[in-house]
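[1] Sequence first, then the predicted structure, then my questions.
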Amino acid sequence: KLSHSAAMILQAISSGHIYGFGVMEITGLPSGTVYPAMRRLERDGLIRSNWEQQSIADARQRPPRKYYKLTRSGRATVEASQKRYPLLAKLIPSPEVKNA
């Protein structure tokens, strides 16, 4: 029971777009969709997040980023969502597809 938006977000994270703004850029979804969806995906155990170290953000002169990664359940969900939404991989190609 994964929404199309949530499937796009999971696909983006699995493709290496691992912080919120990167997910927004690749999916074209607005922040009001992406961030609440990522909170739900994290609550449901499909992704997990970690804040980057303040020293890294300071060195790059920007606020700290919250990075996301798929859990084992999240990877299985991405695979299932690609079957449900076959165009998903074309909209947001995985790294293997990009290099092919």
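    Nice, I can see it. Numbers count the residues shown, from 1 in each chain.
[2] ok, and the closest non-adjacent residue to Ile13?
    Leaving aside its chain neighbours, Ile13 sits nearest to Tyr68 (5.3 Å; criterion: C-beta to C-beta, 6 or more residues apart in numbering). No exception for glycine: its C-beta is placed from N, CA and C like everyone else's.
[3] Count the neighbours of that neighbour for me.
    Using other C-beta atoms under 10 Å, Tyr68 has 24 other residues around it.
[4] For the residue minimising distance to the centre of the chain, list the residues it contacts.
    The structure's the chain has its C-alpha centroid closest to Ile13; by C-alpha atoms, centre = their mean the separation is 2.7 Å. Contacts for Ile13 were tallied using C-beta atoms under 8 Å, 6 or more residues apart in numbering; they are 23, 47, 68-70, 74.
[5] picking up where we left off before, the residue nearest to Ile13 should be in a helix, yeah?
    No: with DSSP: H, G, I helix; E, B strand; the rest coil as the criterion, Tyr68 is strand rather than part of a helix.
[6] related to what we said a few turns ago, compare the contacts of Ile13 and tell me which is most surrounded.
    Val23 (26 neighbours).
[7] tell me the SS of it?
    Val23 - assigned by three-state DSSP - is helix.
[8] quick one: it from Asp58, how far?
    According to C-beta to C-beta, to the nearest Å, Val23 and Asp58 sit 23 Å apart.
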